[in-house]
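[1] Generate coordinates for the sequence data below:
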Amino acid sequence: MESSHRIFLAFLIFFVGFSSSSSLSPRQLEDINFEYRNYTAISEFRILNRKSNFYCPDPNPYHKINITSNRQLSDEEFVTVNISGVLLPSESDWVAMISPSHANISTCPFNALQYEQTGDLSILPLLCHYPVKAQYVSSDPDYLSCNKKQCQKYVGDSCVVSTCAATLSFHVVNIRTDIKFVFYAGGFTTPCILAISETASFVNPQKPQYGHLSSTDSTGTSMRVTWVSGDDQQQEVQYGDGKSQASQVTTFTQDDMCSSILKSPAKDFGWHDPGYIHSAVMTGLTPSSKFSYRYGSDSAGWSDQITFKTPPAGGSDELKFISFGDMGKAPRDPSLEHYIQPGSISVIEAIAEEVLSGNVDSIFHIGDISYATGFLVEWDYFLHLIKPVASTISYMTAIGNHERDYVSSGSVYITPDSGGECGIPYETYFPMPTAAKDKPWYSIEQGSVHFTVISTEHNWSKGSEQYNWMNKDMATVDRSRTPWLVFAGHRPMYSSSDGLSIIPSVDSKFVQAVEPLLLTNKVDLVLFGHVHNYERTCAVYQSECKAMPKKDADGIDTYDNFNYTAPVHAIIGMAGFTLDHFSPNADNWSLVRISEFGYVRVHATKKELKLEYVNSSTKEVEDSFRIIKG
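    Now for the predicted structure:
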């Protein structure tokens, strides 16, 4: 729109109470729907950038927004935000949480064409700087009814001007920068500023945060701890009986992010300073044992003392692990955010209960980790979410499309799914035992299981570096030492989901290239994500059932791999992202299909591999099966 058109529209919106839908003509609505079309349609909040943003032409002198809780913020708290002085409450009134507080929330009309691209294919977001989160003021049920009245002007004993108020609560974690809150009218489609709050600061923005563990090798005698801090100086981890290790310190910048002719979110409006990522390896540990640690420094501060458990060494008998894909995070307040994975909180809380019971040795999260997709502050919220689990046991990961994919970046798929991150934040936050940077494939042994973890986003074609690696890795497994071979990656080879996508969930070229390796090397179990549900196959190869399970004495499906025929596939991408539905006409290789949030728990001994799918809401086992050998 031209400037005059914008001003006219703003006045029109104001005088009808900022109702964005009733104040726009059908032609204007058509233009907006085209301009801001969002193929994934997760939330209207996701179009909140790069549109003209101005102070409302508002004669009301009473508008105020302030933080009524302490302006010195702890590492985690719910911040109370009070809105007052509103003459005409509207459903389209909203509040944004902005970080850093000096961020540009003004107009960016001349850059419109640059910002057509976001990681989720939304078109032309609105503000110059993306809000961390936002809430409609109507989240307070007393707002629209004006139950919280305040008198602003008296004539004698009579109140002649009264206004309405509201109170909102924002969940805040230590993101190392000042924050402020902006009160908007006009909804997300035509926002204009009514008032801006004072600034709030974290008590210690240097504080070491979000420590999480990963295995470095198959011995169970060393563990890597990785954490985030606002401090660029070397810190350390203290563990065991007086041992310590200094941290390696790294970070990444906007210049490290991918982009194209049209700037990516990570390169521009989605950027948030990640601080400094510290990593140190605790050595001299004992497998399957408990230790304690803390990380930090005297100058920046220290974490709490944390008890953790090492995984069993490769070649030992027993392993209990949990696995899932596609988790992400969700707000713990009524806020809207760039990307919300509604099942993530119930899944991580259910897993935390299992970990607390002591019956879990490790976790394997196979792709689509935080779904930050170029909106970097969301990594902090994700790391905060998983901390109760990931700080106490080995948290192993695989890379997914939302961590890596971007045009001209070397990924197999050229969709902008990573929002310009191109794997850099992922590999910095989650250093795995890989051979080199941007080669995120590795293998590791725990208990009786050999895990071959690949990247479906990097070249897997026959003769490629990754193809040769995975073939050699699986071919050299000592099956007397680790009888179970588990193959894990993000994109599946089988799925009967009916979800629509620009790129099909199953890539036939990937199947043609890699599936023969699974059969040749007698892979027992294949774990994939990407599709957001749970599905289990027969022992399948080239879409044909080579063997079917039989019921054991307890009625549990049992695959006997003494006479090996083909791998069993489990698609386990149901840990957070909005669930996918199944086609009513599934192929005969699909035995179990469940569209509920959850995770799988696996118990491996040298004689049996047992998998259970757990519904995270009910804590009930909804599918279970065994793989045995003889």
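[2] Just the helices from the stretch 501-630 of the chain, written as ranges.
    Secondary structure of the stretch 501-630 of the chain (DSSP state H, counting those that start in this stretch): helices at 508-520.
[3] List the contacts of residue 492.
    By CB atoms under 8 Å, 6 or more residues apart in numbering, the contact list for residue 492 reads 505-506, 528-531, 569, 571, 573. C-beta: built from backbone N, CA, C; applies to glycine.
[4] how about a cut-off of 10 Å?
    325, 456, 505-507, 510-511, 526-531, 535, 537, 569-573 (CB atoms under 10 Å, 6 or more residues apart in numbering).
[5] can you name the farthest residue from the center of this structure?
    Distance from the C-alpha centroid of the chain peaks at residue 156, with 57.4 Å (CA atoms, centre = their mean).
[6] Can you tell me the element residue 195 falls in?
    Following DSSP states H and E, one finds residue 195 within strand 192-196.
[7] tell me what that strand is packed against?
    Helices and strands touching strand 192-196, by 3 or more CB pairs under 10 Å, 6 or more residues apart in numbering; DSSP states H and E, are helix 3-15, strand 54-55, strand 64-67, strand 76-86, strand 94-98, strand 180-185.
[8] let's see 7 Å
    Using 3 or more CB pairs under 7 Å, 6 or more residues apart in numbering; DSSP states H and E, the elements in contact with strand 192-196 are strand 54-55, strand 64-67, strand 180-185.
[9] after the second one comes which helix or strand?
    What it means is strand 64-67. Next helix or strand after strand 64-67 toward the C-terminus (DSSP H and E): strand 72-73.
[10] so what's the closest residue to residue 208 other than its chain neighbours up against?
    In space, and not counting its chain neighbours, residue 208 is closest to residue 296: 3.9 Å by CB to CB, 6 or more residues apart in numbering. Residues near residue 296 by CB atoms under 7 Å, 6 or more residues apart in numbering: 208, 235, 302-303.
[11] Pull out the buried positions in the helix or strand hosting residue 296.
    Here residue 296 sits within strand 290-297, counting by DSSP H and E. Within strand 290-297, the residues scored as buried using 16 or more other CB atoms under 10 Å are 291, 293-297.
[12] can you confirm residue 403 is in a strand?
    No. Under DSSP: H, G, I helix; E, B strand; the rest coil, residue 403 falls outside any strand and is assigned helix.
[13] That one reaches residue 423, doesn't it?
    Yes. Counting by CB atoms under 7 Å, residue 403 does reach residue 423; the two are 5.5 Å apart.
[14] Of the two, which one has the most company?
    In this view residue 403 and residue 423 are compared by other CB atoms under 10 Å, and residue 403 has more residues nearby, 32 against 24.
[15] how much space is there between that one and residue 397?
    Residue 403 sits 9 Å away from residue 397, taking CB to CB, to the nearest Å as the criterion.
[16] Next, show the common contact partners of these two.
    residue 369.
[17] ok, the longest strand anywhere in the chain: who's next to it in the sheet?
    The longest strand of the chain (DSSP state E) is strand 158-173. Here strand 158-173 is paired, per DSSP bridges, with strand 76-86 (antiparallel), strand 149-155 (antiparallel).
[18] Out of those, flag the one nearest residue 102.
    The closest of the strands paired with strand 158-173 to residue 102 is strand 76-86. By CB to CB, the value is 18.4 Å.
[19] In the closest one, which residues are buried?
    Neighbour-count burial for strand 76-86, counted by 16+ other CB under 10 Å, picks out 77, 79, 81-86.
[20] Which one of the contacts of residue 296 is nearest to residue 463?
    Using CB to CB, residue 235 comes nearest to residue 463 of the contacts of residue 296, at 43.4 Å.
[21] Got phi/psi on the closest one?
    Dihedral pair for residue 235: phi -120, psi -170, per degrees, to the nearest 10.
[22] For residue 241, see how far away it is.
    From residue 235 to residue 241 the distance is 20 Å (CB to CB).
[23] end to end, how far does stretch 407-417 reach?
    9 Å (CA to CA, to the nearest Å).
[24] before we move on, what about stretch 527-534?
    11 Å.
[25] residues making contact with that stretch?
    323, 325-326, 366-368, 400, 486, 488-493, 495, 497, 499, 505, 569-574, 577-580, 582, 593-595, 598, 613, 623.
[26] Next: stretch 478-485.
    314-315, 445, 448-450, 452, 474, 477, 521-524, 604, 606, 609, 629.
[27] For that stretch, buried residues please.
    The neighbour-count check on stretch 478-485 (16+ other CB under 10 Å) flags 482-485 as buried.
[28] Same check on stretch 505-517?
    505-507, 510-511, 513-515, 517.
[29] Output these as CSV; include the columns distance to residue 213 and pLDDT.
    CSV is the format used below for those (distance: CB to CB, whole Å; pLDDT from 0 to 100):
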residue, distance to residue 213, pLDDT
505, 31, 91
506, 33, 95
507, 33, 95
510, 31, 98
511, 34, 98
513, 33, 98
514, 30, 98
515, 33, 98
517, 30, 98
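[30] Just name the closest of those residues to residue 355, please.
    Closest approach between these and residue 355, by CB to CB: residue 505, at 30.1 Å.
[31] Sketch out the low-pLDDT regions of the stretch 51-200 of the chain for me.
    Filtered on pLDDT under 70, the stretch 51-200 of the chain yields the residue ranges 51-54, 106-127.
[32] So which residue is dead centre in this structure?
    Mean-position check on the chain, CA atoms, centre = their mean. Result residue 370 at 1.9 Å.
[33] On the secondary structure side, give me the element for the nearest residue to it once chain neighbours are set aside.
    Closest residue to residue 370 apart from its sequence neighbours, by CB to CB, 6+ apart: residue 382 at 3.6 Å. Using DSSP H and E, residue 382 maps to helix 377-390.
[34] again with residue 451
    Using DSSP H and E, residue 451 falls in strand 449-453.
[35] could you dump stretch 541-559 to CSV, C-alpha only?
    In CSV, the C-alpha atoms belonging to stretch 541-559 read as follows (Å, rounded to 0.1, in the frame of the first residue of the first chain):
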residue,chain,number,x,y,z
TYR,A,541,11.8,-54.6,1.5
GLN,A,542,10.9,-52.9,-1.8
SER,A,543,7.4,-52.4,-0.4
GLU,A,544,6.8,-56.1,0.0
CYS,A,545,6.4,-57.9,3.3
LYS,A,546,9.2,-60.5,3.5
ALA,A,547,8.0,-61.7,6.9
MET,A,548,5.1,-61.0,9.3
PRO,A,549,5.3,-61.0,13.1
LYS,A,550,3.7,-63.7,15.2
LYS,A,551,2.0,-63.3,18.5
ASP,A,552,3.9,-64.5,21.5
ALA,A,553,2.4,-66.0,24.6
ASP,A,554,1.5,-62.5,25.8
GLY,A,555,0.0,-61.5,22.5
ILE,A,556,2.9,-59.2,21.5
ASP,A,557,3.9,-59.1,17.9
THR,A,558,7.2,-60.9,17.6
TYR,A,559,9.6,-60.8,14.6
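[36] in that stretch, what counts as buried?
    Here stretch 541-559 shows 541, 545, 547, 549, 557-559 as buried, counting by 16+ other CB under 10 Å.
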